[in-house]
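Enquirer: sequence first, then the predicted structure:
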Amino acid sequence: MHSLVKSDSSSTKKLIVFILVTFGFTWLCWLPLLLNKQFEAGLPVLPGQFYLGSFGPLLGTLASLKQPGDEGFAAWCRTAFSLSFPKKWLILAAGLPLAYGAVAILVHTLITGHPPDMRQFGLTSDLPPQFGIWMTSLVWMLTFGIGEESGWRGYLLPQLHQRYSLFTSALLVAVIWMAWHLPAFWFNESYLGMGFGVLGWAISLTYGSVVLAWICAGSRWSIVPVIVWHGIFDLLTASDQAAEIMAMVCSMLVIIHGILLMKILGKRRA
């Protein structure tokens, strides 16, 4: 009994360290952007400082791995970046957001009467104009792909799954994930324009957490497939062209997919 209590205490401490470092680094990176936007503070910022904040969850993971009782960085890397998983999960991880995007293009065409401008497809004004779709995709995967998923699915999800079902763990990750985004609602144009759409965003993020938990567990806890999913999904939904219709359609499809997965994940006990 004593060893069990000690183990729970150690696990809780590691989760606290993870959250403090994750939120601390990201919010410090985003604070000057928020102050400049809301109060015209004129604070100096680095090029791409918004994207720099995406590495908070990765740094939170590294800080947690230094706590006593953890297997360490090398052991974590062997699992998180392993390629020893059924490759169907990599195909699913790439295919699902591409399928969402195909449906979103169709809906955009039906509603507006014309297809999206493929010369601007996936591009965002947050990045230099000379960045094409391939460079933009790489940026998303290296920042909000690796930066976020190293923490959310690479560390936090399996830690929570030691105590809870996979579905409950995915929901807990979603709550923390939502809170982590909060400063962006006061400076990032994609979030500033949401209005009441923030409710749809929250629901979509929750079920996105369910979908990614399903992919991660199926991939034997490798985050390689979820990095691919996350990068492609951000490419489709965070682009300037997606703001009106495409992002909403992709989010709706994620919600439907997440609802269908609820029972499957609920059966996967801790």
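Expert: Here it is on my side, so go on.
Enquirer: hey, which helix is longest across this protein?
Expert: helix 2-39 (DSSP state H).
Enquirer: packing partners for it?
Expert: With contacts taken as 3 or more Cβ pairs under 8 Å, 6 or more residues apart in numbering; DSSP states H and E, helix 2-39 sits against helix 49-52, helix 56-65, helix 157-161, helix 166-180. Glycine gets a C-beta too; all of them are placed from N, C-alpha and C.
Enquirer: now the ones you listed as JSON lines including mean pLDDT and distance to residue 119?
Expert: Listed next are the helices and strands packed on helix 2-39 as JSON lines, based on pLDDT from 0 to 100; distance: least, Cβ to Cβ, whole Å:
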{"stretch": "helix 49-52", "mean pLDDT": "96", "distance to residue 119": "23"}
{"stretch": "helix 56-65", "mean pLDDT": "97", "distance to residue 119": "33"}
{"stretch": "helix 157-161", "mean pLDDT": "96", "distance to residue 119": "38"}
{"stretch": "helix 166-180", "mean pLDDT": "97", "distance to residue 119": "33"}
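Enquirer: any chance of those in TSV, plus distance to residue 251 and mean neighbour count?
Expert: Converted to TSV, those look like this (distance: least, Cβ to Cβ, whole Å; neighbours: other Cβ atoms under 10 Å):
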stretch	distance to residue 251	mean neighbour count
helix 49-52	21	17
helix 56-65	21	22
helix 157-161	21	21
helix 166-180	14	20
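Enquirer: let's have these in JSON lines, adding distance to residue 129.
Expert: Converted to JSON lines, the helices and strands packed on helix 2-39 look like this (distance: least, Cβ to Cβ, whole Å):
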{"stretch": "helix 49-52", "distance to residue 129": "16"}
{"stretch": "helix 56-65", "distance to residue 129": "27"}
{"stretch": "helix 157-161", "distance to residue 129": "36"}
{"stretch": "helix 166-180", "distance to residue 129": "29"}
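Enquirer: what helix or strand is the residue nearest to the spatial centre of the chain on?
Expert: Nearest to the mean C-alpha position of the chain, by Cα atoms, centre = their mean, lies residue 148 at 5.4 Å. For residue 148, the host element (DSSP states H and E) is helix 146-151.
Enquirer: packing partners for that helix?
Expert: Against helix 146-151 (3+ Cβ pairs under 8 Å, 6+ apart) you get helix 56-65, helix 224-237.
Enquirer: I am finished for the moment; much appreciated.
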